[in-house]
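sequence? don't have it. structure:
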C-alpha cells in the first residue's frame, strides 16, 4: 500500500537536519517531493537504514547537492541480469527491505525551512523469513 | 484503485473568460496521475489555456506541482502523461518515464484567457490508494 513520510524541515545552526523513521518498511521507494521555504540550497540524502543482521547498514537511496527548488523526483535504479551485469534501458524503483528511511540535510543554512514528502509502496504484512 | 474526476468547465465563473475547479471541499489524494481527455469543447472566441496542478496546503509550505497544461484548449482523446525519471544521484535517465505521483494533494485546474461561455469537459484519470497513510 502507498505510504508517505512527511516532514517540515528546519535546519540547525550548522545547516544540518536528520530524521529517521521509527517504522520500517519492505517495498518500493517511489520518489519524493520537496517544497522549499526559506532554504535556497542544500545537499539532500535519503537512505534506507537496516538494523537487522550483523550491523546497522545505511544505504543511499538518493543524494544530490544543490537541491533548492520545488521538485517532483521519481527515482529509479538500473536493473542487473543474473550475472550482475547492468541491463541497458531497464530500470526499477529502489527497494526497501525491512528498513527505516533516513532524511539528511547538509549545508542548508541556519534555521532554513523545507517540506519533503516521500512516497513508498510497501507491504504492511511483509515478513522476514528464517 | 482507478478513479476519474470530471470537471465541466464554464468560463466566466471566477472572472472574464476564467474558470477554477472547486476548492471549497478538496479531496486529498495519493497515487498516480495517469492522464486526461477533453471532450465537448465549445468556444465563443479563441480558446483559452488550461493548467492542471496538484496543490498541497496541509504542510507548513504550500506546494504546487504542474501536472500538465494545454494552450489552446481543444478536444483531446485520452493522453497518458509521462514524466522523466532520475537516478539515485538526481540525474535524468534517458528514455525512462513514468506517470507522475501525487502525495497528499488535491487537484487544482484553471482555465484562463478564454471568453465567457466557453465550455468543455475535462476528465482526469488517477490510480489512487484510498488507504494511503503516513509512516512515522
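Perfect, thanks for sending it. Remember, it's a predicted structure, so these values are computed and weren't measured experimentally.

Identify the residues contacting the residue positioned nearest the centre of chain A.
By CA atoms, centre = their mean, the mean C-alpha position of chain A lies nearest to residue A:46, the distance being 3.1 Å. When the contact criterion is CB atoms under 8 Å, 6 or more residues apart in numbering or on different chains, the partners of residue A:46 are A:29, A:32, A:60-63, A:101-104, A:118. (Glycine included, C-beta is placed from N, CA and C.)

Okay, and the beta partners of it?
In this entry, residue A:46 is beta-bridged to residue A:62, residue A:103, by DSSP bridges.

What is the neighbour count of residue 42?
All of this refers to chain A. Counted with other CB atoms under 10 Å in any protein chain shown, the neighbours of residue A:42 add up to 26.

oops, I was thinking of chain B
When neighbours are counted by other CB under 10 Å, residue B:42 comes out with 10.

what residues are up against it?
Per CB under 8 Å, 6+ apart, neighbours of residue B:42: B:118-120.

Next: residue B:41.
With the criterion set at CB under 8 Å, 6+ apart, residue B:41 makes contact with B:47, B:73-75, B:118-121.

Okay, and the beta partners of the residue nearest the centre of chain B?
In chain B, the centroid-proximal residue (CA atoms, centre = their mean) is residue B:52; its distance is 3.2 Å. For residue B:52, the beta-bridge partners are residue B:68, residue B:109 (DSSP bridges).

and it, what is it in contact with?
Contacts of residue B:52 by CB under 8 Å, 6+ apart are B:36, B:66-69, B:107-109, B:122, B:124.

Swap in 10 Å and give it another go.
By CB atoms under 10 Å, 6 or more residues apart in numbering or on different chains, the contact set of residue B:52 is B:5, B:7, B:21, B:33, B:36, B:66-70, B:81, B:107-111, B:122, B:124.

in the helix or strand hosting residue A:31, what's buried?
Secondary structure from DSSP states H and E places residue A:31 in strand A:25-36. In terms of neighbour count (16 or more other CB atoms under 10 Å in any protein chain shown), strand A:25-36 has its buried residues at A:25-36.

Spatially nearest residue to residue A:78 (excluding sequence neighbours)?
In space, and not counting its chain neighbours, residue A:78 is closest to residue A:86: 5.0 Å by CB to CB, 6 or more residues apart in numbering or on different chains.

ok, the one you found - contacts?
Applying CB under 10 Å, 6+ apart, the residues contacting residue A:86 are A:77-80.

Show me how far the helix or strand of chain B with the lowest mean pLDDT is from its chain's centre.
With mean pLDDT, DSSP states H and E as the measure, the helix or strand of chain B carrying the lowest mean pLDDT is strand B:133-134 (a mean of 81). From the chain centre to the centre of strand B:133-134 is a distance of 23 Å (CA atoms, centre = their mean, to the nearest Å).
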